[in-house]
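Participant: quick one, structure for this:
(2 chains)
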Number of protein chains: 2
Amino acid sequence: MMKKINLYVLFSFLSIVVMAQGKKSFTLDDLLPGGRTFSQMSPKNMYTTWWGDKCVETSVDECNIIDAKNGSKSLLFTISDLNTWLGGDEENKIVRSCYNVTFPEGDKTWVAVRVSQNKVEKSRKYKYVVVDFKSGQPVLSQEYPTEAVALDRSSASNSLAYVYKQNLYVINAKGKTMPVTTDGSNDLVYGQSVHRDEFGIHKGTYWSPDGNLLAFYRMDQSMVPDYPQVNIDTRISSTYSCKYPMAGETSHKVTVGVYNPNTNTVVWLQVGDPTDRYFTNISWSPDSKKIYMIELNRDQNHAELVRYDAISGVKEAVIYEEKHPKYVEPMHGLLFLPWDETKFIYQSQRDGYNQLYLFDLSTEREGKEQPTLTGGSKKENVKVTMLTSGQWVIKEVLGFNVKDKSILICSNELHPLQSNIFKVRVKDGKRTLLDNGEGVHYGKLSPSGSLLVDSYSSPTVTRNINLTNTVSGKSVEIFTAENPWKDYNVPEITSGSIKAADGVTDLYYRMVKPVDFDPTKKYPTVIYVYGGPHAHNVEASRNYYARGWEIYMAQKGYLLFILDNRGSQHRGIEFENVTYRQLGVEEMKDQMEGVKFLKSLPYVDADRMGVHGWSYGGFMTTNLMLTYPDVFKVGVAGGPVVDWQYYEVMYGERYMDRPQDNPDGYKGSNLRLKAGNLKGKLQIIIGYNDPVCVPQHTLSFLRACIDAGTHPDFFMYPNQEHNMLGTDRVHLHERITQYFEDYLK
Amino acid sequence: MMKKINLYVLFSFLSIVVMAQGKKSFTLDDLLPGGRTFSQMSPKNMYTTWWGDKCVETSVDECNIIDAKNGSKSLLFTISDLNTWLGGDEENKIVRSCYNVTFPEGDKTWVAVRVSQNKVEKSRKYKYVVVDFKSGQPVLSQEYPTEAVALDRSSASNSLAYVYKQNLYVINAKGKTMPVTTDGSNDLVYGQSVHRDEFGIHKGTYWSPDGNLLAFYRMDQSMVPDYPQVNIDTRISSTYSCKYPMAGETSHKVTVGVYNPNTNTVVWLQVGDPTDRYFTNISWSPDSKKIYMIELNRDQNHAELVRYDAISGVKEAVIYEEKHPKYVEPMHGLLFLPWDETKFIYQSQRDGYNQLYLFDLSTEREGKEQPTLTGGSKKENVKVTMLTSGQWVIKEVLGFNVKDKSILICSNELHPLQSNIFKVRVKDGKRTLLDNGEGVHYGKLSPSGSLLVDSYSSPTVTRNINLTNTVSGKSVEIFTAENPWKDYNVPEITSGSIKAADGVTDLYYRMVKPVDFDPTKKYPTVIYVYGGPHAHNVEASRNYYARGWEIYMAQKGYLLFILDNRGSQHRGIEFENVTYRQLGVEEMKDQMEGVKFLKSLPYVDADRMGVHGWSYGGFMTTNLMLTYPDVFKVGVAGGPVVDWQYYEVMYGERYMDRPQDNPDGYKGSNLRLKAGNLKGKLQIIIGYNDPVCVPQHTLSFLRACIDAGTHPDFFMYPNQEHNMLGTDRVHLHERITQYFEDYLK
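Facilitator: Reported below is the predicted structural model:
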């Protein structure tokens, strides 16, 4: 018996050596964004855009139309053609690639491209140029400064809005530039995203469908203090403006203007006093006459969908209200049915999961406040029909198919880890799966919705792209990416589920086993964690969504374990809001269920367990190290939250309320108060210029540890913000890896 | 033979165990200032003050006169007496100890003490109270705010000058408070030390001998940018003012005012344009009518001793000039002979070593520029006599003995590592040793100079205090401190010298051997280094001046080596200024001679060499790690200079000139440019609020290392400045120790 085992061990040892010799090893540069060889080690991709309902492949050298029936390609034009039309030639190229061309009009042979003006003359301007690719003749040319940000184009009116040096400008179709505002500053922000990108806000300008009016945000943040961010690159270090409203403190005030380029006037929506209110999800009515907006109170427990007259700014009606004892979080604007201007689709998780609701504006009347399934209430002042339902979430609405009056969505109906594309018939909510039912799919819909570019990966599929007829459901494969890691010694990556600390809920994990795994050995084990809302770490895409660093660590002989605890994304509102007013508590309980599971595995070395995470994961990492000092020997926490009173109002108060209203919750999650518990090795790493988790978190924690006589380690990256970008990302992970090598191995 | 050795090893091993068992071990708290048990582990001391020429011992409970002949003590009064006179009693003590009482008048039975006013009433005031300890009656009472700084008292006029909320005030003998200035601010500094405490400046007010006029500094630093120092203790981090003129940049402008409390007017000395000039060593003439000042140009290579009329502010004469191709550094004011107002003592190192010169003002005439022995020049507009000379330095002038017309000094004439007290006859410069000729002595002279409190220690003497008659030279021992470490296992501490890299100069070192030293073993070795001007690390005082951390490290099994390289203090100007325009270069050469010596010792493990230093020593440590990456395995650098362009004008330009005038020198000493050389483990530690070596040094170095792909470690102490104070000092040294334990052992 003994001999057999020894022989087996010897054999497996020999086979490991052979395997390891036969395959290549990864460098961090291969595995991390910012790494020098990362792009060549990433799956190849195909880039497409729409010309009306025709699918065009844009590559460096040419544009080709892809036949939706058989996937065959036919040349539209080459980069050389394009340069000729733009007035350049082989020697003097105006544009270097066709990657970013667009086709602004489906019924015209127009191609649009951005030209760096200094190709022609020395200036700090860009030019947006449209040429007819049939005649080669220019159609449109608009110049704007290279420093312009927040660009927003209306193809209906061929107008371009942008922000330059804090003020909002519009260029009309004739190329005339009009300043919309003149008093923009760090204190007064125009035309840019507000409320720190919360509530689904990612931009600050909204063209009316006809392109004749521009709604835009104005944010007065003069009453918000600057966090003192320091620039070390000036002759003597200097500070720069970084407005940061902290939880419980005075916040900024947002209002919404409507600019009419034809009259050069601005009308302000009559919202009343904007103090402590959030204005989100600005949506235009299809006739370009009304603006809908969701208005949320500072407590974030009462949302109103309000309609304004876009011409006068007058408030017309409250269409709908939603309340919840914890919070409501409106993330999506209205989607009017292209075939019926009286109806729109609204997304809400009021009944537990983000689902589609059909609102009928033709039925306006005063509704009654009624309870929701999740303990909140709703008040529907128009008729509302629940279009989809189930214990799964709609992740994205891709658009409408006008022909068969359906709406196309991505959801995790088939499996919590998957994302699949369905067509939902608006008439009765009937759903039809449009993809292969596996993995994680991303869809891009053509303007009429008749064609779909369906790009997906799965644990066994690197990347496949199909072009799908959304009416017939017929598909043609137009791209298959080769596995870029086929010659490498890739660790085994598996996924599974355990029960949460509530004993009921399924939690999904990913496990990355050490390369050349030997089940008779005991391996040092590192838990990678995020754990906060709005994110997940495990999904059924390529390699179960494994991060490059996990592969690297597996190659170094570690076992990696990643568990999406309660509080994370895509599992419904109660899964998420169990953390309300006590961030960290339930999340850690779930992670400790993961630890329990790990300890049950014979190949996990319970005496060598580490933890690593960034941002919310830095909060979790630090918290776990301090709360379970005998479990975790080594931790690396990046850009952590230490005390939620130092986090910003919008995100922070949603989950924690104001410090003055939840003193116990803030105390319970204040990691400074646990600083004396530190026993293992904990390194905290931050970007010196982090404007998200400002350095005050970590610095006050270091101070608390010093006062408590404990010894965290610390590093920071000057000139970096919340996440380390570029080659610094590689440097960072060398550092993280070395810390585990020094103290966990 | 083999057996003998083995037996010997065994025996020595046994004896070590016995020794180690018999003696106690130190904690860091025992050994470091700020440590909880530091004061009880430090040598006891006796505190004395002068009542005229009588020596008074001030203790917690009482004041005793010490008889200068036999050392016997007689009670003057008790703390209980004092409290009674102040209006308190046993229950309600007004003052808690006699430690800080003074006797302002030699011929009056007056005792002065500072009373915290809130002992009597709730207020933020202190009271300076003088009572007659014969009658118990009050003599004087002056109130001033507790936040007052820069207190300066004239016992001649019983006036008190102080700075409160940036303005200068004077309280006269009648208790009347007069504001001298009203426009003080962070930009406009009054009555405080200027020029960043360089050139021997340590205060900002200078009372005339008769106490009727007050000369004071005014510094306009409105043109100097603030370094952005961040306070993390406010609700949201905030910055505070920290004016920092960097090398080569615009500096502050200093002028000198003379305030007359009787007329309540200020006269300004007519210095001309103060741009790029330093005004130092303000001295009054004995008749209170003239002010002498040394004026230095920005290049710091030309000093003028100038006389002003104190009443009119008019510039009267340039008494003396000194130039040097490298720099001159006037550090001392004029000392007029008490018995001849036409003569004063001036200290200069113009001839190579800091020595005494006698200036005779009765001989004023236009002198000629003449060369000095060190390659500079002098211009003497009065007759100047060199009073002392030799290849040793005068460290301190203690004062005059009026009776035998001598001046008392401390010098290292007997040995470069010693400091001994001599009497110098002014008539002919004849020197008489007044102490025992050993160790390092500190002297406090009575007002007439007839008595001397001589406190000293040596490698074998913990602390002895003698009371010496300076005329007869007779001494009586009044205090002997017991060795507080007698029950502890103290490492062997030795000193010796090696030759500098120039092959000629003697350099002195201290070696602290591991406890229970075994010469047949090889020990990890740490070099502690400072290496910069104005400081030394090795002297013939208690334990050869060993720092507590060295003892701790020796206890942990390390050998410590400390060498004062060229560039350091008390060895003459050419020893120091060899570093001019190339800081670090010669210093490192000398340290490497130390390494050569260490490598010649069989018990030093050349494969385990580390280095540690702070400030200039942090610069040296980092530089050594980067310049000799194969020699040093581990380094800990505290608050380092990384790039001299980030250091301040006064100190920085003295040694390096302006960056624009010495680009090669700045380049050669810029550690960022060597960031890619890092091979061993280097931890840099700073005070987050360091106003001396501002964080820009270290942060820009971290950035350079990240860009170069090297991996320094880093820590910082929020709320600490250039040196870690209080218990943080213990935390810091735990950290430093652990780093060597982790990587060098």
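
Participant: now tell me what touches the helix or strand where A:Asp728 lies from outside.
Facilitator: Using DSSP states H and E, the element containing A:Asp728 is helix A:727-743. For helix A:727-743, contacts defined as C-beta atoms under 8 Å, 6 or more residues apart in numbering or on different chains pick out A:28-29, A:32-36, A:524, A:526, A:549, A:552-553, A:556, A:558, A:610, A:612, A:633-634, A:636, A:638, A:680-681, A:683, A:685, A:713, A:715, A:717, A:720, A:723-724, B:706, B:709, B:711, B:742. C-beta coordinates here come from the backbone N, C-alpha and C atoms, glycine included.

Participant: quick one: buried residues of the biggest strand by length in chain A?
Facilitator: In chain A, taking DSSP state E as the definition, the longest strand is strand A:604-614. Within strand A:604-614, the residues scored as buried using 16 or more other C-beta atoms under 10 Å in any protein chain shown are A:Val604, A:Asp605, A:Arg608, A:Met609, A:Gly610, A:Val611, A:His612, A:Gly613, A:Trp614.

Participant: can you list those residues in JSON lines and add pLDDT?
Facilitator: JSON lines is the format used below for the buried residues of strand A:604-614 (pLDDT from 0 to 100):
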{"residue": "A:Val604", "pLDDT": "98"}
{"residue": "A:Asp605", "pLDDT": "98"}
{"residue": "A:Arg608", "pLDDT": "98"}
{"residue": "A:Met609", "pLDDT": "98"}
{"residue": "A:Gly610", "pLDDT": "98"}
{"residue": "A:Val611", "pLDDT": "98"}
{"residue": "A:His612", "pLDDT": "98"}
{"residue": "A:Gly613", "pLDDT": "98"}
{"residue": "A:Trp614", "pLDDT": "98"}
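
Participant: list the residues that contact the nearest residue to A:Val131 once chain neighbours are set aside.
Facilitator: Leaving out its chain neighbours, the residue that sits closest to A:Val131 by C-beta to C-beta, 6 or more residues apart in numbering or on different chains is A:Trp85, at 4.6 Å. By C-beta under 8 Å, 6+ apart, the contact set of A:Trp85 is A:Val131, A:Phe133, A:Gly136, A:Gln137, A:Pro138.

Participant: what's the answer for A:Phe38, then?
Facilitator: Contacts of A:Phe38 by C-beta under 8 Å, 6+ apart are A:Asp29, A:Asp30, A:Leu31, A:Leu32, A:Gly548.

Participant: measure it to B:Pro286 for me?
Facilitator: Going from A:Phe38 to B:Pro286 by C-beta to C-beta, to the nearest Å gives 79 Å.

Participant: count the residues that sit near A:Arg235.
Facilitator: Per other C-beta atoms under 10 Å in any protein chain shown, the neighbour tally for A:Arg235 reads 12.

Participant: where do the helices sit along the stretch 601-745 of chain A?
Facilitator: Counting by DSSP state H, counting those that start in this stretch, the stretch 601-745 of chain A has helices at residues A:616-627, A:649-656, A:663-668, A:696-708, A:727-743.

Participant: helix, strand, or coil at the nearest residue to A:Asp187 once chain neighbours are set aside?
Facilitator: Distances taken as C-beta to C-beta, 6+ apart place A:Ser222 nearest to A:Asp187, at 3.9 Å, with adjacent residues excluded. Put simply, A:Ser222 is coil when judged by DSSP: H, G, I helix; E, B strand; the rest coil.

Participant: pLDDT weak spots in chain A?
Facilitator: A:1-21, A:117-123 (pLDDT under 70).

Participant: make it 80
Facilitator: By pLDDT under 80, the low-scoring segments of chain A are A:1-22, A:89-91, A:116-124.
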